[in-house]
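Asks: got a sequence here, can you model it:
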Amino acid sequence: MAFHEEKNALTREKRSAAISHYHGTLASLIADTAGEEIPQRVRTFTQAAHDDILSALTALRGIRDAAIVVHGAVGCAAAAGALARPGGARWYSVNLSERDSILGSEAPLRETILRAIAEGAAAVFVVGTPVVAINNDDVNAVLLTLEEETTVSVLHVNTDGFRSKSPLSGFDTALHALLRLVDAPESRGDFVNVLAVGDNIRNVAAIVGAIDALGIGWNLLPGPSSSLENIRKAGSARATVSLNDDESEYFGLGLEAAYGTPYLRLPAPVGRAATRRFVAGLAEAFGIDDEAQAWLRAREAALQELLSARPLAGKKVFLQLDTALVEGFSDLIHDLGGEVAGVALSNVDLNNRAHLARLEAAADIPALVAVGQPFEIANVLARTPVDYYIGPEQTAFAARFGVRPISLRGAVYYGHEGMHALAARFGGPHPDFRERVRRDYAENWLKKNGGWHVKREVR
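Replies: Numbers count the residues shown, from 1 in each chain. Below is the predicted model:
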């Protein structure tokens, strides 16, 4: 049985031995994750962090003809304010009362799903929350009853905020539901599936533009501006590529297992070397090697002025990224004359650990595996000379430690266009925030070992 045919997706810990807690050096992290198993760690102290529910909502939000039903109290759907996108999925809250949370909420869930269908949803995704995990509602019983009353697909996204320590498990749970919508292919189409889950539309457009220039047809899912039709036809693609394996490999592996659609494990197209490998892998799959090489030569020739300028010469950079992206960013920083001074990764597992060994950075740099743990970042920034911080979050926080932040939220960094876009944000005046902005932690707290609360799990 293919794994997507199971009732629920496995957590990242069970599927690929993922760790989401670590504090040490890059060398120690590489050594600790090199075996057949990866030792788990726990945090005895933690700050607020994303959970699997937010990741699942992120994966589903761009499907324009679908509805997301957040099965919980109205506050559980508050993420819609930040995650919802114009033209994307419509959001509903079951809006559970205290009575519902105690006595059961099957009736309001059913009413909310039927309302979403009546208002035009072509598919409905019911996303679980901690409230439902605690009161033990039988969501699947409600969905089975609705199958007899409607032709609209209603799918359970079984998240609860408790099952996994890795928020990336939420992407797998959402993609597990999406795989059930894929039609069995009658023939192969002349296009590639492009998996973009958490990416912004400008960043996706940069790499899709490159695929267009190569003369390759593409099918974008489930990211910005995709539709249920994009998902249904995914099984008939000639191949599948992911822009970020950490977020979307589950869908690619599921398609390959169920329908024989090849999943091309290509690097995230960040920086010159990774973009070249990404394009070369696509070209091989579509038999256009000569055309792709000519296109690459022309685009890389246009980079020479940028590379000669070396805007990061003598600068040190701290990266907070998914592990699938860190290799490309490291090469990009090296090409621009800089040096990686530390990394904080979302998770490390058996599938993505190879990215670590290829880093250009020195092996004794600080390496964390942490999502939403500002104290650990603060500890590194207080001890390590760093000029730039690059990441999707906590950029204002980094500025409090005298580090110039480069936010990736809404930024373009894929392909050659992304190299130009990022390089334009380096250089210029660099005000010293250290004396002007209040720090968040006392000096004696920052002097503690940054990993004092990360312990190896004992079984």
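
Asks: quick one: Leu266 and Leu282 touch, right?
Replies: Yes: contact criterion C-beta atoms under 8 Å: Leu266 and Leu282 qualify, at 7.3 Å. All C-beta atoms are positioned from the backbone trio N, CA, C, and that covers glycine.

Asks: overlap in contacts of those two?
Replies: Shared contacts of Leu266 and Leu282 (C-beta atoms under 8 Å, 6 or more residues apart in numbering): Val241.

Asks: give me the more crowded residue out of the two.
Replies: More neighbours surround Leu282 than the other of Leu266 and Leu282, with 23 against 19 (other C-beta atoms under 10 Å).

Asks: and that one, how far is that from Gly189?
Replies: Separation of Leu282 from Gly189 (C-beta to C-beta, to the nearest Å) stands at 15 Å.

Asks: ok, Pro267 - contacts?
Replies: Ala274, Arg277, Phe278, Ala324, Glu327, Gly328.

Asks: what is the end-to-end distance of stretch 57-70?
Replies: Using C-alpha to C-alpha, to the nearest Å, the end-to-end distance of stretch 57-70 comes to 9 Å.

Asks: centre of the chain to it, how far?
Replies: 16 Å (C-alpha atoms, centre = their mean, to the nearest Å).

Asks: may I see the buried residues of it?
Replies: By neighbour count on 16 or more other C-beta atoms under 10 Å, the buried set for stretch 57-70 is 57-64, 66-70.

Asks: taking those residues one by one, which sit in strands?
Replies: Counted as lying in strands by DSSP state E, out of the buried residues of stretch 57-70, are Ala66, Ala67, Ile68, Val69, Val70.

Asks: what sits against the residue nearest to the last one when sequence neighbours are not counted?
Replies: Same thing as Val70. Among residues not flanking Val70 along the chain, Ala77 sits closest, at 3.9 Å (C-beta to C-beta, 6 or more residues apart in numbering). For Ala77, the contacting residues are Val70, Trp91, Tyr92, Ser93, by C-beta under 8 Å, 6+ apart.

Asks: out of these, who's the most crowded?
Replies: Val70 (28 neighbours).

Asks: pLDDT at that one, what is it?
Replies: At Val70, the model reports a pLDDT of 92.

Asks: before we move on, the earlier item: for the residue nearest to Val70, give its distance to Leu109.
Replies: Counting by C-beta to C-beta, the gap from Ala77 to Leu109 is 13 Å.

Asks: then Val70?
Replies: Using C-beta to C-beta, Val70 is found at 11 Å from Leu109.

Asks: need the residues touching each of these two.
Replies: Joint contacts of Val70 and Leu109 (C-beta under 8 Å, 6+ apart) are Val94.

Asks: circling back to that earlier point, got a markdown table for the ones in strands among the buried residues of stretch 57-70, with distance to Leu356 too?
Replies: Formatted as a markdown table, these follow (distance: C-beta to C-beta, whole Å):
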| residue | distance to Leu356 |
| --- | --- |
| Ala66 | 36 |
| Ala67 | 39 |
| Ile68 | 35 |
| Val69 | 39 |
| Val70 | 36 |
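
Asks: look up phi and psi at Trp218.
Replies: phi -140, psi 160 (degrees, to the nearest 10).

Asks: please look at it and Phe191 and confirm they touch.
Replies: Yes: with contact defined as C-beta under 8 Å, Trp218 reaches Phe191; the gap is 5.8 Å.

Asks: all strands of the stretch 101-250 of the chain, in order?
Replies: 123-128, 153-157, 191-195, 217-221, 239-242 (DSSP state E, counting those that start in this stretch).

Asks: mean pLDDT added to those strands, as JSON lines?
Replies: What follows is the strands of the stretch 101-250 of the chain, written out as JSON lines (pLDDT from 0 to 100):
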{"stretch": "strand 123-128", "mean pLDDT": "94"}
{"stretch": "strand 153-157", "mean pLDDT": "94"}
{"stretch": "strand 191-195", "mean pLDDT": "97"}
{"stretch": "strand 217-221", "mean pLDDT": "96"}
{"stretch": "strand 239-242", "mean pLDDT": "97"}
